[in-house]
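Asker: Need a 3D model of the sequence below.
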Amino acid sequence: MNINSFGGGTWAALERADFEEGRLDLFRQRDYFGNVLKRGQYFSTAKHTEAEFSVPETLPGVHCQCDGEARFIFHPGHASFGVHVRRVMQIPVVVGPELNEALIGRSSGWLEVIDHDAGKGDAAFIPATCIDECKALCIRHDFGGFCVVGGRAHFRAETGEALKTKLFARKGATFYIRDQEVQDVLFGFTGSEEEVHMFKFQLRDWISGTKSEELCANHTEIQHLERWASSYAQGSCARSQRIYHDFGPTIAQNICTRCAVNVWNRGCKGCGRHYCAKCIIQHVGSAPAVQWAFGDVLISSWSSTLCLDDATQEITALEGSRPIRIYVACAGKEPVKKDLGSPGEACAWLREYKQEDLDAEYHDAEEDIFEDPEDVQEATANSRSSVLPTDELVEY
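Answerer: Below you'll find the model as predicted:
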């Protein structure tokens, strides 16, 4: 949040943003309704001199705004990456008089507050024919500041720090406060000598246009991103995690990720996407569905239907060495029944089955995609810029 107002004044920061402090005002919102109930129309922000935004390899990329324009940043190789943000320049700006906040100017050793006065009682006053002479007199007599109004300068004996806390609105007045830490507002580069040198080098490349080839994606990368983003939006998860799941009651309205019809809060546990009854079958496809039970009883009490990873996790948590009975069902295939001597053996068998299932699905995907020799050449050329996870080949 680089401004105090977000969304045309509808939302604002609890702690107001200060453009002159050189820090970022950051906010994060995980729960929209929870934030409104707790803080109303305000965001709780954190101030930092720099920040690192990390994008995991599981996401196609992220949207951002740069200089008022929307951008989408991504890694063509589907690898994780980071965006480092820090202050690189100090750029003076002119603020219009229609601003409702106090206008504070800065010059070497002085703060200038427009349409404000501070303190009470004059220690002295003189005609305000020359502001520099007024400043010199204020320093000579160790006054904290002076107010220029009606052609005269009215000096205050209180310290500058005290006067900052006693400002009040006064139309047509300008109050000057002594502050030795204030410097002139000048254009400049910020950071260490090495950081400034590196930024200037990159800035020259950016202005000349040579940086655009490095920053902008080419046509092949954009096409590859479109397929990857489409697959991600429709639910992109590992076969060992795909299973129908009820996410529980909610007041939010949900729509099917694929066909956009209204649905209950149900879908795929692996990717967290919502699906209707028809589309969840298409999404899960031939992914294995597992049930397990103890094998030393005549009437088995079977577990709920689980994905491969969840079944492995449940059986791993078992104590003892009771035999395990496993039932695996895949659409279009004969179900598999297996009796194992212990939870350890059952987990080992499930891991082997997972790898065999993955290899078989990858082999089928290769046959479907690479039927034409030209497709093989094109896929090989695209693989130089990015490599898709094995699971995602099935989605295309």
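Asker: Quick check on residue 92: phi, psi?
Answerer: The phi/psi pair for residue 92 (degrees, to the nearest 10) reads phi -60, psi 140.
Asker: Any chance you could list what contacts stretch 179-188?
Answerer: If you take C-beta atoms under 8 Å, 6 or more residues apart in numbering as the criterion, stretch 179-188 is touched by 89, 90, 91, 92, 105, 106, 107, 108, 109, 110, 111, 160. From N, CA and C alone the C-beta is placed, and that goes for glycine too.
Asker: Please disregard the earlier target; I meant stretch 125-135.
Answerer: Judged by C-beta under 8 Å, 6+ apart, the contacts made with stretch 125-135 from elsewhere in the structure are 110, 137, 146, 148, 151, 152, 153, 154, 155, 176.
Asker: Determine which two of the residues you listed are furthest apart.
Answerer: When C-beta to C-beta is used, the two most widely separated members of the contacts of stretch 125-135 are 110 and 151, lying 19.9 Å apart.
Asker: So which of those two has more stuff around it?
Answerer: Summary of the neighbour comparison: residue 110 and residue 151, criterion other C-beta atoms under 10 Å, with residue 110 having more neighbours (20 against 8).
Asker: Look up how far residue 132 lies from that one.
Answerer: Taking C-beta to C-beta, to the nearest Å as the measure, residue 110 falls 11 Å from residue 132.
Asker: ditto for residue 56
Answerer: In this structure, residue 56 and residue 132 are separated by 58 Å, where distance is defined by C-beta to C-beta.
Asker: For the residue positioned nearest the centre of the chain, which three-state class applies?
Answerer: For the chain, the residue nearest the mean C-alpha position is residue 53 (6.7 Å; C-alpha atoms, centre = their mean). The local conformation at residue 53, judged by DSSP: H, G, I helix; E, B strand; the rest coil, is strand.
Asker: my guess is it meets residue 83, correct?
Answerer: Yes - with contact defined as C-beta atoms under 8 Å, residue 53 reaches residue 83; the gap is 4.5 Å.
Asker: what about residue 310, which helix or strand?
Answerer: Element membership for residue 310, per DSSP states H and E: helix 308-316.
Asker: Give me the contact list for that helix.
Answerer: Contacts of helix 308-316 from elsewhere in the structure, counted by C-beta under 8 Å, 6+ apart, are 238-241, 243, 269, 288, 290-292, 303, 306, 324, 326, 343, 346-347, 350-351, 353-354, 357.
Asker: tell me which residues in that helix are buried?
Answerer: Under the neighbour-count criterion of 16 or more other C-beta atoms under 10 Å, helix 308-316 has 308, 309, 310, 311, 312, 314, 315 buried.
Asker: Equivalent analysis for stretch 189-198, please.
Answerer: Within stretch 189-198, no residue is scored as buried using 16+ other C-beta under 10 Å.
Asker: and that stretch, how far apart are its ends?
Answerer: Taking C-alpha to C-alpha, to the nearest Å, stretch 189-198 runs 11 Å from one end to the other.
Asker: Please apply the same query to stretch 335-352.
Answerer: The first and last residues of stretch 335-352 sit 16 Å apart, counting by C-alpha to C-alpha.
Asker: Might you quantify the distance of it from its chain's geometric centre?
Answerer: Stretch 335-352 sits 41 Å away from the centroid of its parent chain (C-alpha atoms, centre = their mean, to the nearest Å).
Asker: can you check stretch 43-56 too?
Answerer: Here the centre of mass of C-alpha atoms in stretch 43-56, compared against the chain's by C-alpha atoms, centre = their mean, lies 9 Å away.
Asker: Also stretch 213-224?
Answerer: The gap between where stretch 213-224 is centred and where its chain is centred comes out at 22 Å by C-alpha atoms, centre = their mean.
Asker: could you dump that stretch to PDB, C-alpha only?
Answerer: Output of stretch 213-224 as PDB, limited to C-alpha atoms (Å, rounded to 0.1, in the frame of the first residue of the first chain):
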ATOM      1  CA  GLU A 213      14.100  -8.200 -24.100                       C
ATOM      2  CA  GLU A 214      15.100  -9.500 -20.700                       C
ATOM      3  CA  LEU A 215      11.900  -8.500 -18.800                       C
ATOM      4  CA  CYS A 216       9.200  -9.300 -21.500                       C
ATOM      5  CA  ALA A 217       8.200 -12.800 -22.400                       C
ATOM      6  CA  ASN A 218       8.400 -14.000 -26.000                       C
ATOM      7  CA  HIS A 219       5.600 -15.600 -27.900                       C
ATOM      8  CA  THR A 220       6.500 -19.200 -27.100                       C
ATOM      9  CA  GLU A 221       6.700 -18.400 -23.400                       C
ATOM     10  CA  ILE A 222       3.300 -16.700 -23.400                       C
ATOM     11  CA  GLN A 223       1.700 -19.600 -25.100                       C
ATOM     12  CA  HIS A 224       3.200 -22.000 -22.600                       C
END
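Asker: what mean pLDDT does it have?
Answerer: Looking at stretch 213-224 alone, the average pLDDT works out to 86.
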